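*Asks:* Predicted model follows, preceded by the sequence.
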Amino acid sequence: FFTLFLTSVFLCANAQAAAPQITNVKFKAAGNSPKIAVFFDQSVYSNATGSPQLLVASDFVLGGASGTVATISSVEHSTTTPSQIVILNINTNVNATGGGQWTVAASSTQIFNMSGEAATTAAVDLNGKGDSVAPTVNGVFQHSANALDVMFSEEVSSGMAFTGFQTAAIGDTPGIIDAQLVPEKTFMILMTTASTTLGWGAGNGITVESFSDLVGNGTASTGNIIILPAIKISEVKAEATSANTQDEFIELYNFGDLSLTIATSTLFLHLRNGANDTAVPLNLMKSQFPDKGYFLIGNQTGYGGGVSLDAGFASSTDILIANSGIYISASSTPNQLVIDLLGMGSSAIKEVATTTALVAGKSYERKAQSASATSTMAVGGQEEFKGNSYDSNNNNSDFLLRDTPQPQNSMSPKEFPFGGPGANDTGAPQVMGSF
């Protein structure tokens with residue numbers, strides 16, 4: 001049910017009014033795979049027979065010196081119709097080493113979006129689209145009492161195996177009853193057996209075996225991955241522009257369906273200024289971190305935001321500067337059991353690339369979705385209440401600069417990543433009567 005729910009909301013969220021188009025393609029750079037991955041900017045379906053259905057080979061046109069003599073044998077989909085990602089299986093290996101060798105385009109008036117608009121038919125050249133990087137696992141997170149989220153570095157194919165599943169519970173016999181790759185293909189949901197007592201931190205782990213990206217670059221094994229809580233750094237504000245330079249905060253977002261109990265022995269805030277990595281001691285005012293909710297950490301003497309802190313740190317000066325790196329972890333030891341990380345400016349730590357240096361009085365906020373913008377995330381924007389769970393493992397791509405910071409704490413309304421525009425519905429449905 002959970003996977004079906006995610007599929008439905010993903011499709012609805014990507015229904016658009018603009019004509020769909022192919023935004024990206026890729027093939028295996030080694031030239032030894034017959035697959036082309038095709039990415040549309042929105043969900044689409046085929047109208048080859050006059051009724052909505054899955055995309056088929058005749059919905060695409062291969063071009064170029066090598067492409068015109070090849071044929072599409074079958075089409076794989078990211079989900080049931082409509083789809084946003086498809087994989088074309090070609091009757092020969094694909095290898096575009098120069099321009100004009102391989103192109104792919106949508107067939108005329110056969111591919112449509114949910115509004116009935118036909119896809120553009122501009123051909124996309126595969127030159128420069130070769131992918132040689134094997135996927136990795138960015139983390140495994142406890143999503144609920146009986147579910148894990150496995151986050152990948154890129155879109156992957158299904159069919160992987162999971163071994164070495166263990167929990168810290170004494171006498172536990174953990175097991176997996178279902179594994180479903182969601183439509184975006186960048187994370188997988190693992191449903192666990194009734195005999196599994198899920199937990200996070202040391203003693204809770206799993207290994208992902210034999211997985212590959214959409215065009216065939218493969219990874220044999222990740223080794224044991226420690227299961228961590230479903231937490232993201234959602235917003236960070238450095239010193240204010242006023243005389244109060246200690247007006248700073250770090251906001252966290254719980255993207256899981258499980259409320260967390262926070263303790264200073266299980267959750268740690270690390271600060272990296274220059275070469276020094278410091279585990280910042282926290283004083284807890286609250287210990288409950290609600291599911292789909294927030295937890296606010298700040299300078300307990302200088303913080304001046306409109307909502308109260310859930311945890312504070314004592315400092316006579318500002319600890320967050322323009323080029324700070326910060327991360328949260330399940331260990332006081334540097335670089336161990338890292339849950340999430342943000343590097344700014346010239347920070348020595350980062351996820352792929354840092355954001356620009358943080359300007360005093362402003363903040364960096366994590367996106368809700370890949371296409372999020374400062375305007376959509378701001379007060380009154382269509383993604384104001386969609387949470388902060390987008391993570392491509394690249395700080396520069398995942399965070400937006402905000403001129404007006406907006407701290408949220410554990411008492412703030414919950415936010416749901418897949419809610420409708422501007423929606424902030426936290427109420428359960430009720431039966432109003434029977435007739």
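*Replies:* It's in.

*Asks:* Need the phi and psi values for residue 395.
*Replies:* Here is the backbone geometry of residue 395 (degrees, to the nearest 10): phi -60, psi -40.

*Asks:* Look up the pLDDT of it for me, please.
*Replies:* pLDDT recorded at residue 395 is 94.

*Asks:* Now that it has come up, it's in contact with residue 355, right?
*Replies:* Yes: between residue 395 and residue 355 there is a contact under Cβ atoms under 8 Å: 5.4 Å. Bear in mind the C-beta positions are built from the backbone N, C-alpha and C, glycine included.

*Asks:* and for these two, which residues touch both?
*Replies:* 342, 343, 344 (Cβ atoms under 8 Å, 6 or more residues apart in numbering).

*Asks:* What are the contacting residues of the helix or strand hosting the second one?
*Replies:* Just to be clear, that refers to residue 343. Residue 343 belongs to strand 338-343 when assigned by DSSP states H and E. Applying Cβ under 8 Å, 6+ apart, the contact partners of strand 338-343 are 139, 228-229, 231-233, 236, 272, 325-330, 349-351, 354-355, 364, 391, 395, 399.

*Asks:* residues in contact with residue 97?
*Replies:* Per Cβ under 8 Å, 6+ apart, neighbours of residue 97: 31, 127.

*Asks:* distance of residue 368 from residue 304?
*Replies:* Distance, residue 368 to residue 304, by Cβ to Cβ, to the nearest Å: 26 Å.

*Asks:* Comparing the two, which residue is more hemmed in?
*Replies:* residue 368 (27 against 13; other Cβ atoms under 10 Å).

*Asks:* Of the shared contacts of residue 395 and residue 355, keep whichever come out buried.
*Replies:* Among the shared contacts of residue 395 and residue 355, those buried by neighbour count (16 or more other Cβ atoms under 10 Å) are 342, 343, 344.

*Asks:* Just the pLDDT at the last one, thanks.
*Replies:* Looking back up the chat, that one is residue 344. pLDDT, read off for residue 344, is 93.

*Asks:* wait, doesn't it sit right on residue 327?
*Replies:* No: Residue 344 lies out of contact with residue 327 (Cβ under 8 Å); the separation is 12.0 Å.

*Asks:* Strands along the stretch 51-200 of the chain, start to end?
*Replies:* 60-63, 72-77, 83-90, 103-106, 111-112, 124-125, 130-131, 137-144, 147-152, 161-166, 176-181, 187-192 (DSSP state E, counting those that start in this stretch).

*Asks:* got TSV for these, with distance to residue 248 too?
*Replies:* TSV is the format used below for those (distance: least, Cβ to Cβ, whole Å):
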stretch	distance to residue 248
strand 60-63	52
strand 72-77	46
strand 83-90	39
strand 103-106	49
strand 111-112	49
strand 124-125	45
strand 130-131	40
strand 137-144	26
strand 147-152	28
strand 161-166	39
strand 176-181	39
strand 187-192	31
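
*Asks:* of all the ones you listed, which lies closest to residue 251?
*Replies:* Closest to residue 251 of the strands of the stretch 51-200 of the chain is strand 137-144 (Cβ to Cβ; 18.2 Å).

*Asks:* contacting residues around that closest one?
*Replies:* So strand 137-144 is contacted by 148-153, 189, 198-200, 204-206, 208, 222, 225-230, 256-258, 339, 391, 393 (Cβ under 8 Å, 6+ apart).

*Asks:* other SSEs contacting the strand ranked longest in the chain?
*Replies:* Of all the elements of type strand in the chain, the one with the most residues (DSSP state E) is strand 35-46. Applying 3 or more Cβ pairs under 8 Å, 6 or more residues apart in numbering; DSSP states H and E, one finds that strand 35-46 makes contact with strand 22-28, strand 83-90, strand 111-112.

*Asks:* Quick one: those strands as TSV, columns for distance to residue 382, mean neighbour count and mean pLDDT too.
*Replies:* As requested, the helices and strands packed on strand 35-46 are exported to TSV (distance: least, Cβ to Cβ, whole Å; neighbours: other Cβ atoms under 10 Å; pLDDT from 0 to 100):
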stretch	distance to residue 382	mean neighbour count	mean pLDDT
strand 22-28	21	20	97
strand 83-90	19	20	94
strand 111-112	24	22	92
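
*Asks:* which one of these lies closest to residue 334?
*Replies:* strand 22-28 (36.2 Å).

*Asks:* Please work out the angle formed by the directions of the closest one and strand 35-46.
*Replies:* Relative orientation of strand 22-28 versus strand 35-46 (axes from the mean of the first three to the mean of the last three Cα atoms, to 10 degrees): 150 degrees.

*Asks:* List the residue ranges of the chain that fall below the pLDDT cut-off.
*Replies:* 1-17, 48-51, 79-80, 240-244, 316-318, 418-435 (pLDDT under 70).

*Asks:* where along it do the helices fall?
*Replies:* In the chain, the helices defined using DSSP state H lie at 2-13, 374-377, 395-398.

*Asks:* wait, isn't residue 326 in contact with residue 235?
*Replies:* No: the pair residue 326 / residue 235 is not scored as a contact, 11.6 Å apart, by Cβ under 8 Å.

*Asks:* between those two, what contacts are shared?
*Replies:* residue 250.

*Asks:* In contact with residue 206, which residues?
*Replies:* So residue 206 contacts 140, 148, 162, 163, 164, 165, 166, 224, 225, 227 (Cβ under 8 Å, 6+ apart).

*Asks:* Please repeat the previous calculation with a cut-off of 7 Å.
*Replies:* 140, 162, 164, 165, 225, 227 (Cβ atoms under 7 Å, 6 or more residues apart in numbering).

*Asks:* Can you name the residues bridging to the residue lying closest to the third one once chain neighbours are set aside?
*Replies:* Computed as Cβ to Cβ, 6 or more residues apart in numbering, the closest residue to residue 164 that is not its neighbour in sequence is residue 207, at 4.1 Å. According to DSSP bridges, the partner residues bridging residue 207 are residue 163.
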